[in-house]
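J.: Whatever this is, show me its structure:
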Amino acid sequence: MPFHRAAILLLAALGASCGGGGGGGANATWVTDAGAYDVLPLAPVDTSARHHVISGTEADMIADLQAALQDHATGGIIVFDTDVDVTLHLTQQFYIPYSASLETTPRPIVIDGIGKVTLDGQNATRILQKGYRIDLTVQNLRFVNGRVEDDAADGLAAESGAAINVENWDGRLTVINCSFENCVCTEDGPDRGGGAIRAAGQRHVRLSGCTFLNCSGSNGGAVNTLGCQLTVVDCTFTGNTAHGYGGGLDARPGHAGMGGIGGAIYTDGVSQNADAPRSVLSRCTFTGNTAGDHGGAVFNYTIPGSGSVSIVSRCTFENNTVPWSDDLYVGTSGALYTQGADTSVVDSTFSGNFAYYAGGAISFHTDRLSRVANCTFSGNSVWYDEGAKDGNWGGAIAEYGAPLYISHCTFADNRAGIGAAIRNDVNTWLKSCVFSGNLGTRQWEGHSVRITALDGGGNVQWPQVKNLWPGVDDVPATATVVFADAQLGALGNNGGPTRTRLPLPGGPAIDAGSDSGYPATDQRGQPRPLGVRPDAGAAEVE
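T.: Below you'll find the model as predicted:
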């Protein structure tokens, strides 16, 4: 069940992550092939050669599906047959058991709800549990009201995965064109969660064309994975919550470490049992997700030294939050937290995200190379106080030490005490970026950036004077930055899969970018000119 052209594209992206062209120093590396990171959605599996047909009354369907899932002799393709919409009201979970025969050959199973079947846990039970060494594909199904309680006596192993839970390591999980709504895991804790889906040690977890609405878990309000290669394409995550608190078990001395990580997705390691050490988010939308500790939409941790790669492409992150806490040092990464992987974020929009402490949109906590290109950051923030002229840092991005290369990005109207656009460290490079209207509140700190970044050329910054401190110049983003107002339009649909902010035609951002090592297309997929200077910022206007 390949991702059409995905394998070729991801191999290209992996190669690109280790190099790149352009100026900015002998060791500089920039994204020059943004389109290579795009992954297309999965087509549903062909179910014409079916092994089991599920039909009849509601009671018949429940009994026949469970029997089919336990049929080790055939397993295979299971298809519902109904002309009308059907809801199966469950009093116990469906279970796909392990068999000793699977030691040498994984068991492939496909469940197809044909777009007409809803599995309802009635806020009382998990819906589906997958056993060891099973390759499971679920498609065209709706999962609602799955629930696992904080009760070791309820028989639902690992209080995680209220819709789909993977019982043990090995196997694969693919979910295509399914919806998940109001699926909840109630227990707080550092190693549990996934209100809709929890998968451990799978060689590959693939989610394509799915929606996740109002799901909740301690870590990963919608999805929680451990040690799996993860690919998520064309999925929508809305209003999901990581309800735990205190972060990971070893997060900080004196802290409870009871979760609250990854409002929509929690990824802990992608290398332990994976086909490839990689996580990919492509063409996804994250809106209004919340985490109690960090990673308002997505938490992505990979094991240092594993050579892991993380890719975010053509995604939208909007109004995700890590709200105020009575602990000053939590509340980071309103949209995306990434650590340990070679990370590339391309062709994406981050707007209206908030984290109390740092990284209103993204926090990079990594010892590996990170790159951001063709992205728009608009109206993201951390806690700030104009009246007290105080606030925290990294309104859009908080970066901590490892090399970070940011090119052809637009930072507009972000808010923080320090670094309203970027709380950068000494290894940050900037090329062909636009900074406009970013508000900082601390007098003696940089407002657009914390410190002047290493210079790839072609950057435009405004205002030159600190917003709340007349006569005090802001820290220049780079040594050769041009101070000028790019006169950006409002965030809007200007073509392409994500929203952008277009500069005024003929304004100072036009033809102002570096003419070395730039992507062939802009954030919208529109071509940039060859052989001449492109525009600065995420969108090419002329």
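
J.: List the neighbouring strands of whichever strand or helix holds residue 109 plus their orientation.
T.: Under DSSP states H and E, the secondary-structure element containing residue 109 is strand 107-120. Its sheet considered, strand 107-120 pairs with strand 76-80 (parallel), strand 86-89 (parallel), strand 134-144 (parallel) by DSSP bridges.

J.: helices or strands up against the next helix or strand after it?
T.: Next helix or strand after strand 107-120 toward the C-terminus (DSSP H and E): strand 128-130. Helices and strands touching strand 128-130, as assessed by 3 or more CB pairs under 8 Å, 6 or more residues apart in numbering; DSSP states H and E, comprise strand 94-96, strand 134-144, strand 164-166. Quick note: C-beta positions are derived from backbone N, CA and C, even for glycine.

J.: Among those, show me which one is buried the most.
T.: Highest mean neighbour count among the helices and strands packed on strand 128-130 (mean count of other CB atoms under 10 Å): strand 164-166, with a mean of 29.

J.: Run a quick neighbour tally on residue 91.
T.: The burial count assigned to residue 91 is 9, neighbours taken as other CB atoms under 10 Å.

J.: I'd say it and residue 122 touch.
T.: Yes - here residue 91 reaches residue 122: they are 7.3 Å apart, a contact under CB atoms under 8 Å.

J.: hmm, back to that, then the strand holding residue 109 to CSV, C-alphas only?
T.: Taking Å, rounded to 0.1, in the frame of the first residue of the first chain, the C-alpha atoms of strand 107-120 are listed here in CSV:
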residue,chain,number,x,y,z
ARG,A,107,-1.2,-11.2,9.7
PRO,A,108,-2.7,-8.7,7.3
ILE,A,109,-6.3,-7.5,8.0
VAL,A,110,-8.4,-4.9,6.3
ILE,A,111,-11.6,-3.5,7.8
ASP,A,112,-13.7,-1.4,5.4
GLY,A,113,-16.7,0.5,6.7
ILE,A,114,-17.6,1.7,3.1
GLY,A,115,-18.3,5.2,4.5
LYS,A,116,-21.6,4.0,6.2
VAL,A,117,-20.6,2.5,9.5
THR,A,118,-20.1,4.1,12.9
LEU,A,119,-18.5,2.3,15.8
ASP,A,120,-19.8,3.9,19.0
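
J.: Would you indicate which residues of that strand are buried?
T.: For strand 107-120, burial by neighbour count (16 or more other CB atoms under 10 Å) applies to 107-114, 116-120.

J.: nearest to residue 126, of those residues?
T.: Relative to residue 126, the closest of these is residue 119; by CB to CB it sits at 10.5 Å.

J.: Not counting sequence-adjacent ones, nearest residue to the closest one?
T.: Counting by CB to CB, 6 or more residues apart in numbering, the nearest residue to residue 119 once its immediate chain neighbours are dropped is residue 127, at 4.9 Å.

J.: Look up how far residue 174 lies from that neighbour.
T.: Per CB to CB, to the nearest Å, residue 127 is found 17 Å from residue 174.

J.: who has more neighbours, those two?
T.: Using other CB under 10 Å as the criterion, residue 127 and residue 174 rank with residue 127 on top: 27 against 20.

J.: Show me which residues of stretch 305-319 are buried.
T.: 308-319.

J.: how far does stretch 380-388 stretch from start to finish?
T.: Terminal residues of stretch 380-388 lie 20 Å apart, using CA to CA, to the nearest Å.

J.: should've said stretch 381-401
T.: Stretch 381-401: ends 21 Å apart by CA to CA.

J.: Any buried residues in it, and which?
T.: 381-384, 391-400.

J.: From the chain's centroid, how far away is that stretch?
T.: Taking CA atoms, centre = their mean, to the nearest Å, the mean C-alpha location of stretch 381-401 is offset from the chain mean by 22 Å.

J.: Would you confirm that residue 453 contacts residue 478?
T.: Yes - the criterion here is CB under 8 Å, and residue 453 meets it with residue 478 at 5.4 Å.

J.: thought residue 279 was touching residue 311?
T.: Yes - in this structure residue 279 lies within contact range of residue 311 using CB under 8 Å: 7.2 Å.

J.: residues contacting residue 285?
T.: Residues near residue 285 by CB atoms under 8 Å, 6 or more residues apart in numbering: 235-238, 315-316, 318.

J.: okay if I get those residues as TSV plus pLDDT, secondary structure and distance to residue 360?
T.: Converted to TSV, the contacts of residue 285 look like this (pLDDT from 0 to 100; DSSP: H, G, I helix; E, B strand; the rest coil; distance: CB to CB, whole Å):
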residue	pLDDT	secondary structure	distance to residue 360
235	98	coil	23
236	98	strand	22
237	99	strand	18
238	98	strand	20
315	98	coil	16
316	98	strand	15
318	98	strand	12
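
J.: Out of those residues, flag the one nearest to residue 265.
T.: Closest approach between the contacts of residue 285 and residue 265, by CB to CB: residue 237, at 7.2 Å.

J.: In contact with the nearest residue to that closest one once chain neighbours are set aside, which residues are there?
T.: The spatial neighbour of residue 237 that comes closest, neighbours along the chain excluded (CB to CB, 6+ apart), is residue 264 at 3.8 Å. With contact set as CB under 8 Å, 6+ apart, residue 264 has these partners: 212, 220-223, 237, 240, 286, 289, 297-298, 320.

J.: Appreciated, that's everything.
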